[in-house]
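Visitor: show me how the following folds:
(2 chains)
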Amino acid sequence: MNRIGSTIRSRVLIQPRGAKKLELTGAEIVVKCLQDEGIEYIFGYPGGAALHIYDALYRQDAVKHILVRHEQGASHAADGFARATGKPGVVLVTSGPGITNAVTGIATAYMDSIPMVIISAQVPTHLIGDDAFQEVDAVGITRPCVKHNFLVKDVNDLAMTMKKAFFVAASGRPGPVLVDLPKDVTAQTAEYIYPRTVAMRSYAPVSRGHPKQIRKAVDMLMRADRPIIYTGGGVVLAEGQDALRDLVRMLHYPCTSTLMGLGAYPHDDPLFLGMLGMHGTYEANMAMHDCDVMLAVGARFDDRVTGELAKFSPYAKIVHIDVDPASIGKNVKVEIPIVGDARSVLEDFAKEVKSRHAEPDTDRTKAWWDQIEKWRAQDSLAYDRTSKIIKPQYVVEKLHEVTQGDAFVTSDVGQHQMFAAQFYGFGKPRRWINSGGLGTMGFGLPSAMGVQLAFPDDLVCCITGEASIMMCIQELSTCKQYDLPIKIINLNNRYMGMVRQWQEFFYDRRYSHSYMDALPDFVALAESFGHSGMRIEKPGDVEGALQEAFAMKDRLVFMDFITDQSENVYPMIAAGKGHNEMHLNPGSGEPIQERELA
Amino acid sequence: MRHIISILLENESGALSRVAGLFSARGYNIESLTVAPTEDSTLSRMTIVTAGSAEIIEQIIKQLNKLVDVVKLQELTDGAHIERELMLAKVKAKGEAREEIKRLVDIFRGRIIDVTDSTYTLELTGTVGKLDAFVKALEVTEIIEVVRSGVTGIARGVRALSL
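Guide: Just a heads-up that it's a prediction; the model follows:
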């Protein structure tokens, strides 16, 4: 078994050939750049155009290559690594189908602003445009789903291009950057100098917020009667969790988070209202609707968050902090825009609030908090805890208990993703790894591989469903090769649950193609890949099964939980509805009547 | 509202398609787009004529600025500016029409730049409105083909788009 960390070959770093100048081939330059960037893992799959690079990888072992089973797995794994660590994930694929297979993972990273560098091999420069074997216009195909991309035609530009790629990917609003590398360029030689810094006249992201705007915003915030702080993935990306916690507690204002922001603010803090949006809590959405001042931080007013824009927060004056100026004012009109890094601006906010020696004016916001507590008493996440069939929510709640809320949790997309977001309870950032923007089924397992490699001693759970897991099931083989002891929690309801839910609500229960008549025996499937499998059918067995699985620290365990087929995700804001027009769980109480606000 | 945006962008392959791709992907209008290298061979200058509400134009400018190849841009229609478009037209020119077309070209301060015994090729520069008026006036004869460059422009006075 090819274990990570084992020294297979003794030549550690690429060594110079000449006496003084370091003259390297393009392929060696790529690998040396990765070494100099401090890259420990890359995720990839070889092929004709990439063979020089693979040969250079073979002759060193500082950069460890993880061989996936499909290039989509490579880009998701690099993505998971980046989300968990904050460092760019690196992908290496061949030309043609290699890069097209990786595109889903690149687009996933792009939508969630995840730093990633993708090296795609290309046919030799003299064949570009000839419809050569395994040729595809990689720069053209990826253009709409990368932050930037490069085609390197001269080996002398290669090191600088790699430096730029890492710089652009990780700075400002992060994102994936592709470097397309023709095979002949990887064979040519050049002197290797890795630039220490890079300056680009056309790219200069802003980090500090404008002090005058910050003062104005604090003025407005401190005069609010019904304030809310709405945070997103930008807080996680900027490592702004401490600054956020300080500011929220200093002001004693309610805080809610998007799907992408979960973990930046501790879930069990009384000031936290839970997730907002389509499947957000009653209190978070009602508070968003009724607020008079909103502080939006690192969030982009996505349609799954706002619901119908015409009905969005009708009384709110909005302060919007974002590192990307194009995110501000894109969907919603904003009173005070502040361009800057979420952490830096939140720290400046906290300083500004502190400098005014102001205690939180709890009298001013008392009525607002009373109202919020009434909404909270609605208990909008209630579900039937007496069920004899396993409820998916119950599995996630038990998972939180057994792991003490401290696991890394990746997910796929659908009902199980929403249950994970609603019920796991994240206390730390970078623990919740999911495809929020693109909504990519198949993300959960390969992204968990990236997380597990980055944190080999931590517990990594992949919450998935029987439909999603099938989309990248081949990566079970990768997990075996590298001994990744991921715990897969398959909430198996024999349906594409979220599709089925929409068909139940909006298509008169015509369940068109939302179930599979031929599902594998997941226990046998896992075992055939060399892992362990468990099938859990009774609520009483859930906790024991989790404990038993987590005790198997050295191996992947596939837990197949047979869950309630009819369970739906509540609350839900349907298309065209506002935050105050939620569908609540029929089992919970009546919604509180709408009120008129000044 | 019609807006003219001038852009300095890196003179690199693919830069044009990034701009064009942005407009098509986000559903923005392009009325015309012209691009050519500048006196600095590392830079191209592009002029885009677009239309949209103030919010849409603001988004277009922000999204353009976000493109890594865009070095600097300016909304020309924000201030006093000069805009020009070049048109070449090939028309039938036989009999009495030959004289009439010559007179028209003089009135519009254009030039006849190529001649056969049955055709004229005409050149005219000016604003979009002037070129439209000229095309209308050419109804006295049969137009064989017309080619227009799209608008280029520059700010009046000391205002400039340079590094």
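Visitor: flag the shaky bits of the chain, pLDDT-wise.
Guide: Using chain A. Counting by pLDDT under 70, chain A has low-confidence residues at A:1-19, A:358, A:587-598.
Visitor: show me what from it comes close to chain B.
Guide: By the rule C-beta under 8 Å from any C-beta of the partner chain, the part of chain A lying against chain B is A:139-140, A:143-144, A:147-149, A:151, A:168, A:200-203, A:324-326, A:329-330. Quick note: C-beta positions are derived from backbone N, CA and C, even for glycine.
Visitor: buried subset of those residues, written for PyMOL?
Guide: Burial among those is assessed by 16 or more other C-beta atoms under 10 Å in any protein chain shown; the matching PyMOL selection reads:
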select buried, chain A and resi 139+143+147+148+149+151+168+202+203+324+325+326+329+330
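Visitor: the host helix or strand of A:L546: how far from the chain's middle?
Guide: Element membership of A:L546 [criterion: DSSP states H and E] is helix A:542-551. Counting by C-alpha atoms, centre = their mean, to the nearest Å, helix A:542-551 is centred 26 Å from the centre of its parent chain.
Visitor: again with stretch A:41-58
Guide: 27 Å.
Visitor: what residues of it count as buried?
Guide: Neighbour counts over stretch A:41-58 (16+ other C-beta under 10 Å) mark A:41-47, A:49-54, A:56-57 as buried.
Visitor: following element in sequence after the helix holding A:L546, please.
Guide: Under the assignment DSSP H and E, the closest C-terminal helix or strand after helix A:542-551 is strand A:557-562.
Visitor: that next one pairs with which strands?
Guide: Strand A:557-562 pairs in its sheet with strand A:487-492 (parallel), strand A:532-536 (parallel), by DSSP bridges.
Visitor: which bits of chain B sit near chain A?
Guide: Within chain B, the residues that sit near chain A (C-beta under 8 Å from any C-beta) are B:9-10, B:13-14, B:17-18, B:21, B:25, B:55, B:58-59, B:62-63, B:65-66, B:68-72, B:163.
Visitor: just the ones of the residues you listed in strands?
Guide: When DSSP state E is applied, the residues of chain B next to chain A are split such that B:L9, B:E10, B:V70, B:V71, B:K72 fall in strands.
Visitor: and the helices in chain B?
Guide: Assigned by DSSP state H, the helices in chain B fall at B:15-25, B:54-66, B:96-107, B:128-137.
Visitor: can you report how many residues lie near A:K333?
Guide: Neighbour count for A:K333, taken as other C-beta atoms under 10 Å in any protein chain shown: 10.
Visitor: check the one 10 residues further on too.
Guide: Close neighbours of A:R343, defined as other C-beta under 10 Å, add up to 22.
Visitor: residues contacting the strand or helix carrying it, please?
Guide: A:R343 belongs to helix A:342-355 when assigned by DSSP H and E. If you take C-beta atoms under 8 Å, 6 or more residues apart in numbering or on different chains as the criterion, helix A:342-355 is touched by A:207-209, A:211, A:214-215, A:217-218, A:221-222, A:234-235, A:237-240, A:243-244, A:246-247, A:250-251, A:297-298, A:321-323, A:338.
Visitor: also stretch A:123-138?
Guide: Stretch A:123-138 has contacts (C-beta under 8 Å, 6+ apart) with A:47-49, A:94-100, A:120, A:122, A:149, A:151, A:153, A:178, A:180, A:182-185.
Visitor: if we use 6 Å, what do you get?
Guide: When contacts are defined by C-beta atoms under 6 Å, 6 or more residues apart in numbering or on different chains, stretch A:123-138 is touched by residues A:A49, A:S95, A:G96, A:I99, A:S120, A:K153, A:D180, A:P182, A:K183, A:D184.
Visitor: out of the residues of chain A next to chain B, which are inside strands?
Guide: Per DSSP E, these map to strands at A:H148, A:N149, A:L151.
Visitor: leaving out chain neighbours, which residue sits closest to A:D79?
Guide: Nearest in space to A:D79, with sequence neighbours left out and distances taken as C-beta to C-beta, 6 or more residues apart in numbering or on different chains, is A:A109 at 4.7 Å.
Visitor: where does the one you found land in three-state SS?
Guide: Counting by DSSP: H, G, I helix; E, B strand; the rest coil, the backbone at A:A109 sits in helix.
Visitor: is it in contact with A:V177, as I believe?
Guide: No: applying C-beta atoms under 6 Å as the test, A:A109 and A:V177 come out as separate, 10.1 Å apart.
Visitor: between those two, who's got more neighbours?
Guide: A:A109 (34 against 27).
Visitor: need the contact list for that one.
Guide: Contact partners of A:A109, counting by C-beta under 6 Å, 6+ apart, are A:D79, A:M116, A:P176.
Visitor: so what's the last one up against?
Guide: Residues near A:P176 by C-beta under 6 Å, 6+ apart: A:I106, A:A109, A:Y110, A:M116, A:V146.
Visitor: most neighbours among those residues, which one?
Guide: Per-residue neighbour counts (other C-beta under 10 Å) across those peak at A:A109, which has 34 neighbours.
Visitor: okay, buried residues for stretch A:89-108 please.
Guide: Across stretch A:89-108, burial judged by 16+ other C-beta under 10 Å covers A:89-96, A:98-108.
Visitor: hmm, I was thinking of stretch A:303-310
Guide: Residues A:R304, A:V305, A:T306, A:G307 are the ones in stretch A:303-310 that count as buried (16+ other C-beta under 10 Å).
Visitor: show me which of those residues is closest to chain B.
Guide: The closest of the buried residues of stretch A:303-310 to chain B turns out to be A:T306 (C-beta to the nearest C-beta; 15.9 Å).
Visitor: would you mind measuring from the closest one to B:E55?
Guide: Distance of A:T306 to B:E55, given as C-beta to C-beta, to the nearest Å: 16 Å.
Visitor: next one: A:G261
Guide: Applying C-beta to C-beta to A:G261 and B:E55 gives a distance of 26 Å.
Visitor: more neighbours, these two?
Guide: A:G261 (31 against 11).
Visitor: the more buried one and A:G234 touch, don't they?
Guide: No: here A:G261 does not reach A:G234: they are 7.7 Å apart, not a contact under C-beta under 6 Å.
Visitor: and A:L158, that one's in a helix?
Guide: Yes: under three-state DSSP, A:L158 falls within a helix.
Visitor: touching, it and A:V152? I think so.
Guide: Yes: A:L158 is within contact range of A:V152, at 5.4 Å (criterion: C-beta under 6 Å).
Visitor: give me the common contacts of A:G261 and A:G234.
Guide: With C-beta under 6 Å, 6+ apart, A:G261 and A:G234 have no common neighbours.
Visitor: ok, A:N285 to chain B distance?
Guide: Look at A:N285 and chain B: by C-beta to the nearest C-beta, to the nearest Å, they are 26 Å apart.
Visitor: you'd agree that residue is in a strand?
Guide: No: counting by three-state DSSP, A:N285 is located in no strand; its state is helix.
Visitor: surely it meets A:H579?
Guide: Yes: under the criterion of C-beta under 6 Å, A:N285 makes contact with A:H579 at 4.1 Å.
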